[in-house]
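Asker: turn this into a model:
(one chain, ligands or ions: 2)
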Amino acid sequence: MADNNDSENIFERKDRLADAESTVGAPVNWGSSVPGDQSLEAAIAASQKPSVNQHIDGIDQAERPSGPVGLDVGTSRIVAAQNMRNHIHITEQVNAFFTIPISKFSRRILQNHEIMFFERGDQFCIVGSSADNFANTFNTSSRRPIQGGLLSPAEKDGISVVQAVVNTLIQKPKRFGETICYGIPGEPVDGQAAAGKVTYHEQVIKMFLQNLGYTPISINEGMATVLSELGQDDYTGIGISMGGGMCNVCLSYLSFPVITFSIQAAGDYIDTMTGQAVGEPATKIKFIKEEELDLSREAGDMVQTALHIYYDAVIHKLLHSLQRVLAASDKLPKIAKPIPIVLSGGTAMPKGCVNKFRKVLDTVSLPIAVSDVRLAADPLHTTARGALIMAMSESA
Ligand SMILES: Nc1ncnc2c1ncn2[C@@H]1O[C@H](COP(=O)(O)OP(=O)(O)OP(=O)(O)O)[C@@H](O)[C@H]1O
Ligand SMILES: [Mg+2]
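Answerer: Ligands and ions are numbered 1, 2, ... in the order given. Below you'll find the model as predicted:
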């Protein structure tokens, strides 16, 4: 947080308060959330702790995490984060399913192998990473309850799958009504087809978290990136989560999400388009991308060349959308200093991605000055960590 003696102190700059008030369209009561509020202090302290990734079954009952939860219901994976004394406890699971016909025999086999499944009509619905294993065995792809960042209307059982996966990661709260904060996407910029879907996605997840005994609150995924990574910058900057189905963007000013939007092009788009270009399945491309891609080096073969091309396409689309959205906005705060951009999500992870982003940024002119572009400390868990900070700060 800012040094309280700093002449730029966010709580003393009345002109900035006026900006913030006009931004949120309501009076801003800074005094209620300045340091001194215990839950806020604890939330800020949590952002400094390392992540420890552990399966929920592998820990002692006494050691099980409790308290507020940060949840990232992503296209590729679902991640839960909880605060422990010295670390942030992370659990995660692939957000996928695969159906096979019910039989007594296969039920026994699935149970013996501790494979997660539930019954739906005359089908077993296998969920999580086992779904991918089954799909590989049958030489096909697993199905995704969330596509392009949003619950898929094409998958009737989508919400049951998300529930089943979440149930493997978190338990009913010890304290009824515990706060859980879950990430939601911003409205897609060019998504007439997605109109209303963000609301549906948000409300459906909210209902089932309520049924689990939590008090759910939602947070924009780009804003979660800001909360997790930009504490040293007074939560002022641009958070971008580059995931599987979407890139989510949030311009935050003094912790207010001023502008949010998404584009429905990210890792899955890169895999699909590259696969089509070189005549290989997208799942194979995804594997190569995650294991080998280095965007800081010249592409060596056809697959690498196509991956470079589609990475460029996503980053161009992202930054040109940002330029258009900022230019069209009448809510832009006057910010005295250049602000940072922080990238999170799996798609931001390959070596050279941040540099590629910087190079494209140099070619677009934004109405806001940017100081630097950084990669989040723990890109795959940033959304869940940011959501946890929000949950802790809102928790009574
Ligand atoms: N090391 C890596 N290098 C390149 N890409 C990666 C790497 N690890 C993961 N990815 C890609 O990141 C994407 C998943 O990222 P992430 O888990 O942040 O998405 P998500 O939150 O599930 O999706 P969304 O936010 O779009 O709903 C996938 O496309 C995956 O292939
Ligand atoms: Mg995500």
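
Asker: which residues in the stretch 101-250 of the chain form strands?
Answerer: Counting by DSSP state E, counting those that start in this stretch, the segments of the stretch 101-250 of the chain that form strands are 117-120, 123-127, 146-147, 150-151, 178-184, 214-220, 237-242, 247-253.

Asker: the third one vs ligand 2: in contact?
Answerer: No. With Cβ under 5 Å from the ion as the threshold, strand 146-147 lies outside contact range of ligand 2, at a closest distance of 9.7 Å. C-betas here are computed from N, CA, C, even on glycine.

Asker: thinking again about what came up before, reformat the strands of the stretch 101-250 of the chain as TSV; add mean pLDDT and mean neighbour count.
Answerer: Output for those, formatted as TSV (pLDDT from 0 to 100; neighbours: other Cβ atoms under 10 Å):
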stretch	mean pLDDT	mean neighbour count
strand 117-120	90	16
strand 123-127	93	21
strand 146-147	92	22
strand 150-151	92	22
strand 178-184	98	26
strand 214-220	97	22
strand 237-242	98	29
strand 247-253	97	28
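
Asker: pipe those into CSV and attach distance to Gly267 per row.
Answerer: Shown next, in CSV, are the strands of the stretch 101-250 of the chain (distance: least, Cβ to Cβ, whole Å):
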stretch, distance to Gly267
strand 117-120, 27
strand 123-127, 21
strand 146-147, 13
strand 150-151, 15
strand 178-184, 16
strand 214-220, 19
strand 237-242, 7
strand 247-253, 9
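
Asker: distance to ligand 1 for those - can I get that in TSV?
Answerer: Below are the strands of the stretch 101-250 of the chain laid out as TSV (distance: least, Cβ to the nearest ligand atom, whole Å):
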stretch	distance to ligand 1
strand 117-120	21
strand 123-127	15
strand 146-147	6
strand 150-151	8
strand 178-184	8
strand 214-220	11
strand 237-242	6
strand 247-253	6
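
Asker: kindly export stretch 277-296 (C-alpha atoms) in CSV.
Answerer: Presented in CSV, the C-alpha positions along stretch 277-296 are these (Å, rounded to 0.1, in the frame of the first residue of the first chain):
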residue,chain,number,x,y,z
ALA,A,277,-3.3,-24.6,-40.2
VAL,A,278,-0.9,-27.6,-39.9
GLY,A,279,-3.5,-30.4,-40.0
GLU,A,280,-3.0,-31.7,-36.5
PRO,A,281,-5.6,-32.1,-33.6
ALA,A,282,-5.8,-29.1,-31.3
THR,A,283,-5.0,-31.4,-28.2
LYS,A,284,-1.7,-32.3,-29.8
ILE,A,285,-0.9,-28.6,-30.5
LYS,A,286,-1.9,-27.7,-26.9
PHE,A,287,0.6,-30.2,-25.6
ILE,A,288,3.4,-28.9,-27.9
LYS,A,289,2.5,-25.3,-26.9
GLU,A,290,2.7,-25.9,-23.2
GLU,A,291,5.9,-28.0,-23.3
GLU,A,292,8.0,-26.3,-26.0
LEU,A,293,6.8,-22.9,-27.1
ASP,A,294,9.4,-20.2,-26.8
LEU,A,295,8.1,-16.9,-28.3
SER,A,296,11.5,-15.2,-27.7
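
Asker: 534 is where my numbering starts, stick with that
Answerer: Got it, the first residue is 534 from now on, which makes the last one we talked about stretch 810-829.

Asker: buried residues, it. List them.
Answerer: Judged by neighbour count (16 or more other Cβ atoms under 10 Å), stretch 810-829 contains these buried residues: Ala810, Val811, Glu813, Ala815, Ile818, Lys819, Ile821, Lys822, Leu826, Leu828.

Asker: skipping adjacent residues, who's closest to the residue of the chain found nearest ligand 2 in space?
Answerer: In the chain, the residue found nearest to ligand 2 is Gly776; the distance is 3.4 Å by Cβ to the ion. In space, and not counting its chain neighbours, Gly776 is closest to Gly878: 4.3 Å by Cβ to Cβ, 6 or more residues apart in numbering.

Asker: show me where the stretch 784-929 of the chain has strands.
Answerer: With strands called from DSSP E, counting those that start in this stretch, the stretch 784-929 of the chain shows them at 789-796, 872-877, 903-908.

Asker: same list (these) but as TSV, adding mean pLDDT.
Answerer: What follows is the strands of the stretch 784-929 of the chain, written out as TSV (pLDDT from 0 to 100):
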stretch	mean pLDDT
strand 789-796	96
strand 872-877	98
strand 903-908	98
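
Asker: then stretch 905-919 to PDB, C-alphas only?
Answerer: Provided in PDB are the C-alpha atoms of stretch 905-919 (Å, rounded to 0.1, in the frame of the first residue of the first chain):
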ATOM      1  CA  ASP A 905       5.700  -1.400 -17.700                       C
ATOM      2  CA  VAL A 906       4.300  -4.900 -18.500                       C
ATOM      3  CA  ARG A 907       4.800  -7.700 -16.000                       C
ATOM      4  CA  LEU A 908       3.900 -11.300 -15.600                       C
ATOM      5  CA  ALA A 909       2.000 -12.300 -12.500                       C
ATOM      6  CA  ALA A 910       4.000 -14.200  -9.900                       C
ATOM      7  CA  ASP A 911       1.800 -17.400 -10.100                       C
ATOM      8  CA  PRO A 912      -0.100 -17.100 -13.400                       C
ATOM      9  CA  LEU A 913      -2.200 -20.200 -13.200                       C
ATOM     10  CA  HIS A 914      -3.500 -19.300  -9.700                       C
ATOM     11  CA  THR A 915      -3.800 -15.500 -10.000                       C
ATOM     12  CA  THR A 916      -7.600 -15.300 -10.400                       C
ATOM     13  CA  ALA A 917      -8.200 -17.600  -7.400                       C
ATOM     14  CA  ARG A 918      -5.700 -15.700  -5.300                       C
ATOM     15  CA  GLY A 919      -7.300 -12.300  -6.200                       C
END
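
Asker: since that was my last question, I'll sign off now.
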